[in-house]
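*Asks:* please find the sequence and the predicted model below.
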Amino acid sequence: MFITFEGIEGCGKSTQIKKLKKYLVAKGYDVVLTREPGGTPIADKIRKILVDATNKEMVPLTEVLLYYASRAQHLHELIIPARQQGKIVLCDRFNDSSLAYQGYARGLEPKLLSALTELVVTQNKPNLTFILDMPATEGLKRATNRAATLKPEDREDRFEQEAIHFHEAVRNGFLELAKKEPERFVIINAARNIEEIFADIVNIIDMKLRPTSDERRATSDKK
Ligand code: TMP
């Protein structure tokens with residue numbers, strides 16, 4: 001399984017993905033928790049450039065190419081090998097973030113994003129994607145409050161400094177993506193408390209990890 005978590009700034013996905021890792025490890029699964037941009041040393045160096053609020057001159061084309069460069073490294077160095085070893089990969093953001101942020105919100109051509117997706121992601125799409133959905137004003141408030149507790153050099157807030165309509169476009173972008181692939185996406189109402197949100201996620205995960213009747217039959221045939 002390759003499971004991704006997506007959503008606007010401050011939606012709480014990092015908290016939920018860590019809880020899910022703990023839950024799955026306790027059930028005996030081999031789990032890799034990773035994130036984008038980043039996940040490997042080279043991709044983390046690219047991340048630093050992308051989230052640095054002093055990089056104001058970065059043009060949208062440079063931005064999107066850096067996201068896909070970090071994704072190529074992350075896929076080949078970590079995600080693909082982990083999946084080949086039968087691990088569950090949990091990833092905090094993935095390709096849908098590029099489609100929502102660089103596509104829907106920045107306004108880059110869908111053709112360009114499709115070409116980059118085909119070039120970099122190829123068949124390595126997630127099996128399941130949670131969108132932690134909440135109003136942009138609320139997410140941004142949380143993200144801004146969290147950033148205020150950090151030292152300026154640790155803030156990673158290049159995107160948090162975008163205007164509210166940018167974040168609304170990101171949110172709508174995710175919801176549009178979910179409409180196009182309803183079998184992959186699950187929209188979770190993230191404007192609730194941590195435990196309520198997690199209960200919904202666990203319900204879905206338990207359902208997906210339950211062996212199908214064919215798999216159960218195959219296992220009992222082997223015995
Ligand atoms: P994070 O705050 O969730 O770690 O993500 C870092 C920022 O990068 C966040 O503002 C969302 C943005 N982002 C994109 O714009 N495109 C992408 O493809 C990814 C993965 C993240």
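*Replies:* The structure has been received and is ready for your questions.
*Asks:* which pLDDT value belongs to residue 158?
*Replies:* At residue 158, the predicted lDDT confidence score is 67.
*Asks:* residue contacts, residue 162?
*Replies:* The contact partners of residue 162, taken as CB atoms under 8 Å, 6 or more residues apart in numbering, are residue 105. No exception for glycine: its C-beta is placed from N, CA and C like everyone else's.
*Asks:* again, only using 10 Å
*Replies:* With contacts defined as CB atoms under 10 Å, 6 or more residues apart in numbering, the neighbours of residue 162 are 9, 101, 105, 106, 140, 169, 170.
*Asks:* excluding residues flanking it in the chain, which one is nearest the fourth one?
*Replies:* Across the structure, with CB to CB, 6 or more residues apart in numbering as the measure, the residue nearest residue 106 apart from its sequence neighbours is residue 60 (4.9 Å).
*Asks:* swap in the first one?
*Replies:* What sits nearest to residue 9 in space, not counting adjacent residues and going by CB to CB, 6+ apart, is residue 143, at 3.9 Å.
*Asks:* quick check, central residue of the chain?
*Replies:* Geometric centre of the chain, nearest residue: residue 93, 1.7 Å, by CA atoms, centre = their mean.
*Asks:* how near is the closest residue to that residue other than its chain neighbours to the ligand?
*Replies:* What sits nearest to residue 93 in space, not counting adjacent residues and going by CB to CB, 6+ apart, is residue 36, at 4.5 Å. From residue 36 across to the ligand, the span is 4 Å (CB to the nearest ligand atom, to the nearest Å).
*Asks:* residues in contact with the nearest residue to residue 194 once chain neighbours are set aside?
*Replies:* Using CB to CB, 6+ apart and skipping residues adjacent in sequence, the residue nearest residue 194 is residue 15, 6.1 Å away. The neighbours of residue 15, taking CB under 10 Å, 6+ apart as the test, are 132, 194, 197, 198.
*Asks:* now the nearest residue to the last one once chain neighbours are set aside, what's its secondary structure?
*Replies:* For residue 198, the nearest residue in space outside its immediate sequence neighbours is residue 19; the separation is 5.3 Å by CB to CB, 6+ apart. The three-state assignment at residue 19 reads helix, by DSSP: H, G, I helix; E, B strand; the rest coil.
*Asks:* next, the contact list for residue 19, please.
*Replies:* Residues counted as contacts of residue 19 (CB under 10 Å, 6+ apart) are 194, 195, 197, 198, 201, 202.
*Asks:* could you do residue 1 as well?
*Replies:* Residue 1 makes contacts with 24, 29, 31, 83, 86-90, 126-128, 205, 208-209, as judged by CB under 10 Å, 6+ apart.
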